[in-house]
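A.B. asks: structure for the following, please:
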Amino acid sequence: MVQSGTLEMRAAVYSSVRDEFRAATEGAALADRSHLGRLRMSGVDALDLLNRLSTNNLDDLAVGDVQGTALTTNKGRVIDLLYALRRDDDLLVITGPETRRRVAEWIDFYTFIEDVVVTDVTEETAMLSLVGRAAASALPSLADVPLYGSATLTIEGVDALALRTDFAGIDGYDLIAPAEDAPALWGALEGMGAVPVGAHALDLVRIGNGVAGYGSELAEDYNPLEAGLMDFISFNKGCYIGQEVVARLNTYDKVQKHLVGLSWDGDDAPEPPAALLYDGKQVGTLTSVATATLDGKGLGLGYLRKAYVQEGARLATDCGVGVVVERQASRV
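C.D. replies: This next block holds a predicted model:
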């Protein structure tokens with residue numbers, strides 16, 4: 001955990017979840033997301049190999065563009081959701097926080113005669129994020145960065161690579177810089193008016209926007225169609241690991257459950273994973289909850305059998321908390 005002065009840059013809460021949530025939705029919020037993995041894929045076959053291993057079509061990815069794509073097992077289950085940035089001489093691949101080694105090993109396992117080298121650059125870099133509708137106002141040089149685009153910026157003497165992925169379902173930019181420059185970059189962004197937000201508020205934004213999270217919804221228990229990752233799947237490209245399963249599920253409408261947004265009254269949040277029950281029968285699983293509520297209403301995400309995916313449907317958890325289905329969730 002990097003420190004800026006006496007401030008720990010990655011924290012659960014800095015001030016209050018309510019104020020931080022407001023900053024992340026209405027203003028400009030500053031978050032430390034350095035715990036996510038960052039891999040450099042170099043070699044002339046890097047783009048082609050990642051394209052053959054993952055769900056999206058990367059063939060036409062231009063230099064400077066970012067593409068979301070999922071790694072799946074041969075059974076079509078999610079290993080990780082990746083964001084790949086094509087640069088002049090390599091790919092920068094953003095992974096989940098606990099999966100960077102798994103991803104590197106997976107790529108290495110399927111590298112035979114290809115010219116591909118994977119280097120883990122997580123520890124030598126930091127990734128600070130600006131989130132919120134006014135994020136680009138705090139740092140005007142971000143205004144020209146489109147969704148799934150990138151730019152190289154200099155911020156108060158710190159060189160940073162900016163990527164826009166809207167990772168929490170709202171305007172969101174990741175700024176990647178050398179690890180030793182992280183405190184200076186954090187201080188510069190704070191000085192521009194960005195409000196530090198912790199993991200609790202950021203999770204509340206993500207869950208409220210129906211975005212699948214690493215380690216909860218993005219896990220090998222689920223396939224990318226269930227997780228709402230349709231925007232990151234190409235059904236017209238060639239084969240990839242798990243492609244036959246994913247294509248069959250889509251073609252024959254065999255997806256058995258969907259990710260949904262849930263809510264409940266009161267401050268007592270059920271602990272995930274918890275069974276979702278209808279008339280005493282398990283019909284799904286609660287996978288994420290917001291660790292703090294707003295206006296006495298809790299929010300969560302869960303996987304629910306498709307027959308029960310109906311807005312307003314009332315369910316119970318196995319810990320006794322009643323929940324309401326708000327809507328089917330999606331990545332964006």
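A.B. asks: surely Ala247 forms part of a helix?
C.D. replies: Yes - applying DSSP: H, G, I helix; E, B strand; the rest coil, one finds Ala247 inside a helix.
A.B. asks: could you pull out the helices in this structure for me?
C.D. replies: 17-26, 46-53, 100-109, 135-138, 182-191, 199-208, 243-251 (DSSP state H).
A.B. asks: all strands for the stretch 201-332 of the chain, in order.
C.D. replies: 257-265, 274-278, 281-289, 297-305, 314-317, 322-328 (DSSP state E, counting those that start in this stretch).
A.B. asks: in a markdown table, list those along with distance to Ala31, mean neighbour count and mean pLDDT.
C.D. replies: (Glycine included, C-beta is placed from N, CA and C.) Listed next are those as a markdown table, based on distance: least, Cβ to Cβ, whole Å; neighbours: other Cβ atoms under 10 Å; pLDDT from 0 to 100:
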| stretch | distance to Ala31 | mean neighbour count | mean pLDDT |
| --- | --- | --- | --- |
| strand 257-265 | 22 | 22 | 94 |
| strand 274-278 | 27 | 20 | 96 |
| strand 281-289 | 17 | 21 | 97 |
| strand 297-305 | 18 | 23 | 94 |
| strand 314-317 | 29 | 18 | 95 |
| strand 322-328 | 25 | 17 | 89 |
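A.B. asks: who wins for proximity to Thr25 among the ones you listed?
C.D. replies: strand 297-305 (13.0 Å; Cβ to Cβ).
A.B. asks: just the angle between the closest one and strand 257-265, please?
C.D. replies: With axes from the mean of the first three to the mean of the last three Cα atoms, to 10 degrees defining the directions, strand 297-305 sits at 150 degrees from strand 257-265.
A.B. asks: can you dump the C-alpha coordinates of strand 297-305 into PDB?
C.D. replies: Extracted C-alpha coordinates of strand 297-305, given in PDB (Å, rounded to 0.1, in the frame of the first residue of the first chain):
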ATOM      1  CA  LYS A 297     -31.300   0.800   1.200                       C
ATOM      2  CA  GLY A 298     -28.700  -1.900   0.500                       C
ATOM      3  CA  LEU A 299     -27.500  -2.900  -2.900                       C
ATOM      4  CA  GLY A 300     -26.100  -6.200  -4.200                       C
ATOM      5  CA  LEU A 301     -25.500  -8.400  -7.200                       C
ATOM      6  CA  GLY A 302     -26.300 -12.000  -7.700                       C
ATOM      7  CA  TYR A 303     -26.800 -14.800 -10.200                       C
ATOM      8  CA  LEU A 304     -30.400 -15.800 -10.600                       C
ATOM      9  CA  ARG A 305     -32.000 -18.600 -12.700                       C
END
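A.B. asks: which helices and strands sit right next to that strand?
C.D. replies: Contact partners of strand 297-305 among helices and strands, from 3 or more Cβ pairs under 8 Å, 6 or more residues apart in numbering; DSSP states H and E: helix 199-208, strand 257-265, strand 281-289, strand 322-328.
A.B. asks: output the ones you listed as a markdown table; include the columns distance to Ala24.
C.D. replies: Formatted as a markdown table, these follow (distance: least, Cβ to Cβ, whole Å):
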| stretch | distance to Ala24 |
| --- | --- |
| helix 199-208 | 5 |
| strand 257-265 | 17 |
| strand 281-289 | 17 |
| strand 322-328 | 19 |
